[in-house]
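>>> Return a 3D structure for these sequence lines:
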Amino acid sequence: MKIQPIPTFGTMLLLILLAFGCDDKEVVSELIVPNADDMESDIAYDVTMEYTDDAKKLMELEAPVLKRRTTNPEKDIFPEGILVTFFKEEKSYATLTSKYAERLPDSYLVIASDSVVFENVQGEKLETSQLKWDERKGKIFTDRFARLTRPNEIIYGYGFTANQDFTEIEFEKTTGKRPLPQLEGLVN
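Sure, this is the predicted structure:
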């Protein structure tokens, strides 16, 4: 004859907990499936990047969000836009803004798109839908339509190229040019 073990208090408690724990209750948490893009990216918020040469600030890039894609090719994505401030002798001389941008670190190229505006301290303003900036050469360019507003004229055209100082400006094809009316004699 075999002797049956008598259930202990611990065994009984475990059985009771299992019985009450197996009813249909609300789900406490949902399964979160990560996005494949997010798994290959690092994300940072309220980003400020400073570019220097010989301890002199040349440029400062600010963005609300930076997604750094770590797969090949590496890419920095700024889905909420950028503000880039250019410096010469520690003074700001130009800004670049856009609602979206990508930076390709391996080729030192920034591609700004969606409401791109480049302005300098001389009162010149370039507006276009996409602008590329070659960090190494210090050149900005686009093959898209662009509008350049100066204190005394507005120039429209395609194929814009300039140095980032905005001192050497060239359109491949201008489609229009008009003088701005002078506001002499107006009193505020």
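>>> what sits up against the host helix or strand of Phe86?
Using DSSP states H and E, the element containing Phe86 is strand 82-88. Contacts to strand 82-88, defined as C-beta atoms under 8 Å, 6 or more residues apart in numbering, come from residues 56-63, 92-98, 101, 110, 112, 133, 164-165. C-beta here means a position set from N, CA and C on the backbone, and glycine is covered the same way.
>>> Show me those that map onto strands.
Of the positions in the contacts of strand 82-88, 56-63, 92-98, 101, 110, 112, 133 sit in strands, assigned by DSSP state E.
>>> thought Phe160 was touching Lys173?
No: here Phe160 lies out of contact with Lys173, judged by C-beta atoms under 8 Å, at a distance of 9.8 Å.
>>> Name the residue in those two with the higher neighbour count.
Regarding Phe160 and Lys173, a neighbour count based on other C-beta atoms under 10 Å identifies Phe160 as having more, with 25 against 10.
>>> per-residue confidence for that one?
The score at Phe160 is 89. That number is its pLDDT.
>>> And for the one 4 residues further on?
The predicted local confidence for Gln164 comes out at a pLDDT of 78.
>>> Which pLDDT value goes with the nearest residue to it once chain neighbours are set aside?
Leaving aside its chain neighbours, Gln164 sits nearest to Gly138 (4.7 Å; criterion: C-beta to C-beta, 6 or more residues apart in numbering). Per-residue pLDDT puts Gly138 at 86.
>>> For Tyr108, see how far away Gly138 is.
Here Gly138 is placed at a distance of 10 Å from Tyr108 (C-beta to C-beta, to the nearest Å).
>>> go on, Thr52?
Separation of Thr52 from Tyr108 (C-beta to C-beta) stands at 15 Å.
>>> right, and the helix or strand after the helix or strand of the chain with the lowest mean pLDDT?
Each helix and strand of the chain was given a mean pLDDT (mean pLDDT, DSSP states H and E); the minimum falls on helix 36-39 at a mean of 54. For helix 36-39, the succeeding helix or strand toward the C-terminus, using DSSP H and E, is strand 41-53.
>>> Sheet partners, orientation included, of that following strand?
Sheet pairing for strand 41-53, assigned by DSSP bridges, gives strand 56-69 (antiparallel).
>>> need the next SSE after the partner strand, C-terminal direction.
Next element after strand 56-69 (DSSP H and E): strand 75-78.
>>> For that next one, name the packing helices and strands.
Applying 3 or more C-beta pairs under 8 Å, 6 or more residues apart in numbering; DSSP states H and E, one finds that strand 75-78 contacts strand 56-69, strand 100-104.
>>> Could you report the pLDDT at the residue lying closest to Lys75 once chain neighbours are set aside?
The shortest distance from Lys75 to any non-neighbouring residue, by C-beta to C-beta, 6+ apart, is to Arg69 (4.5 Å). On the pLDDT scale, Arg69 is placed at 88.
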